[in-house]
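A.B. asks: Just the structure for this:
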Amino acid sequence: MKRALRIGVIGMLLLGGRSAAAAAQQVHQVRLEMNAGNDEYRFSPSTISAQPGDVLLFKTASGAPHSVVFEPKALSPRARDALNSAMPRRSADLSSPLLTENGAEYRVVVPALPTGAYAFYCLPHRAYDMRGELRIR
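C.D. replies: The predicted structure follows:
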């Protein structure tokens, strides 16, 4: 009986710790938008402060197609591999699939990256300077 009680208490503690970790995870919604009045394409917000384990939810609001491509220039090989591994259904290196319809979503779980800034852009609207930045705290 005591053994069953101990196992139950240990199980509750483990689950409690897991719930605390899950509660710490934050979802950051980023809208991919077009302002038709001035031909402006943007990520909104354009700067996201996050930590490993958080979720980036990119959602196409208007002006599709869009994509999310991380800028490779300043990335270490380790950071590049971590980002590629975190991006499901990649269409190319560091690149999301093309989001062709308004309302389409793309989720990235922030990998274990060193503290710093990671630039990204929308490939179809790069000429319109549609870019953003992920800041790891």
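
A.B. asks: show me the contacts for the residue positioned nearest the centre of the chain.
C.D. replies: Nearest to the geometric centre of the chain sits Leu56, at 2.9 Å (Cα atoms, centre = their mean). Leu56 is in contact with His28, Val30, Ile48, Ala50, Arg107, Val108, Val109, Val110, Leu134, counting by Cβ atoms under 8 Å, 6 or more residues apart in numbering. (Each C-beta comes from the backbone N, C-alpha and C, glycine too.)

A.B. asks: Tell me how many other residues crowd the third one.
C.D. replies: Right, the one you point to is Ile48. 19 (other Cβ atoms under 10 Å).

A.B. asks: In contact with it: list those residues for me.
C.D. replies: His28, Val30, Leu56, Gly132, Glu133, Leu134, Arg135.

A.B. asks: Doesn't the fourth one belong to a strand?
C.D. replies: This points to Gly132. Yes. The assignment for Gly132 is a strand, going by DSSP: H, G, I helix; E, B strand; the rest coil.

A.B. asks: from memory it sits against Tyr41, does it?
C.D. replies: No. The pair Gly132 / Tyr41 is not scored as a contact, 11.1 Å apart, by Cβ atoms under 8 Å.
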